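Got a predicted structure plus its sequence, pasted below:
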Amino acid sequence: MKRNNLTRKDLAKAVHEKMGFSLRSAGDLVDDFFFHIRHALTNEEQVKIVHFGTFKVLKKESRVGRNPQTGEVMEISKRSMVSFKPSKELRQKINR
Amino acid sequence: MNKSEMIEAMSQELNLPQREASSIITTILDSMTDALAKGENIEIRGFGSFSVKDYGTYYGRNPKTGEQIKVKPKKLPFFKVGKELKEMVNQNS
């Protein structure tokens, strides 16, 4: 089954059609939206969007792991990652 | 940061009425939600991608009582952080 992916372009189109901005301005607005989320996460601030979900930065301590292919023991360095927890509403909409 | 803080930030930065900034954000989020509800993936370059994972029926346990329960099939959205954001987040750690 072929699935369509939603991209920045589709979001720009939605903003353009619903709100009457030019396609170019709508694209800038979409970029700005994601810029703010990225900016907050870069400052280790969590981003909570009602009815959608929460983005959070998780700090992972370094640990010892193994290369599953070679079995070689190696250290996995300390790092941060971004987690997303979907809201109840989003989960319900997806399961409808 | 929450949605209303984001509305405020966007309206100030772009010199838009708050009502308008709010509609823009709602439009973006609604489109994303609709796509996921249709089972589509979302791919935003420099940010990350969302996909929907299908889980079949499985048997779990109530952690409090130990009672075995059947978990119905469900779909869950899943976020994978993009390379650029991952690197940005790791720069100051």
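Now that the structure is in, tell me what you want to look at.

so which strand or helix has residue B:9?
Element membership for residue B:9 (DSSP states H and E) is helix B:3-14.

can that helix be found next to chain A?
Yes: counting by Cβ under 8 Å from any Cβ of the partner chain, chain A is contacted by helix B:3-14 at B:3, B:6, B:9-10, B:13-14. Bear in mind the C-beta positions are built from the backbone N, C-alpha and C, glycine included.

Now, of these, which are buried?
With burial judged by 16 or more other Cβ atoms under 10 Å in any protein chain shown, the buried subset of the residues of helix B:3-14 next to chain A is B:3, B:6, B:9-10.

Which strands and helices lie in contact with the longest helix along chain A?
Across chain A, the longest stretch assigned as helix under DSSP state H is helix A:23-42. The contact analysis (3 or more Cβ pairs under 8 Å, 6 or more residues apart in numbering or on different chains; DSSP states H and E) places helix A:23-42 against helix A:8-19, strand A:47-49, strand A:53-60, helix B:3-14, helix B:18-37, helix B:83-91.

Now do the buried residues in it.
Across helix A:23-42, burial judged by 16+ other Cβ under 10 Å covers A:26-27, A:29-38, A:40-42.

Any stretches of chain A with poor pLDDT?
For chain A, applying pLDDT under 70 flags the ranges A:1-3.

Chain B too?
B:92-93.

residue in it nearest to chain A?
residue B:79 (3.4 Å; Cβ to the nearest Cβ).

tell me the secondary structure for that residue?
Following DSSP: H, G, I helix; E, B strand; the rest coil, residue B:79 is assigned to strand.

Hmm, residue B:47 and it touching each other?
No: applying Cβ atoms under 8 Å, one finds residue B:79 not in contact with residue B:47, separated by 9.6 Å.

Show me which of those two is the more surrounded one.
residue B:47 (23 against 18; other Cβ atoms under 10 Å in any protein chain shown).

burial measure for the closest residue to residue A:47 other than its chain neighbours, as a count.
In space, and not counting its chain neighbours, residue A:47 is closest to residue A:55: 4.4 Å by Cβ to Cβ, 6 or more residues apart in numbering or on different chains. Under the neighbour criterion other Cβ under 10 Å, residue A:55 is assigned a count of 24.

ok now do residue A:55, which residues does it touch?
For residue A:55, the contact set (Cβ atoms under 8 Å, 6 or more residues apart in numbering or on different chains) comprises A:37, A:41, A:46-47, A:49, A:82-84, B:79.

domain assignment for chain A?
If you go by automatic domain parsing, the domain ranges for chain A are A:1-43, A:46-96.

Return the most buried member of those.
Comparing these by mean neighbour count (mean count of other Cβ atoms under 10 Å in any protein chain shown), domain A:1-43 comes out on top with a mean of 17.

The residue nearest to residue A:64 when sequence neighbours are not counted and chain B: what is the separation?
Using Cβ to Cβ, 6+ apart and skipping residues adjacent in sequence, the residue nearest residue A:64 is residue A:75, 5.8 Å away. Look at residue A:75 and chain B: by Cβ to the nearest Cβ, to the nearest Å, they are 16 Å apart.
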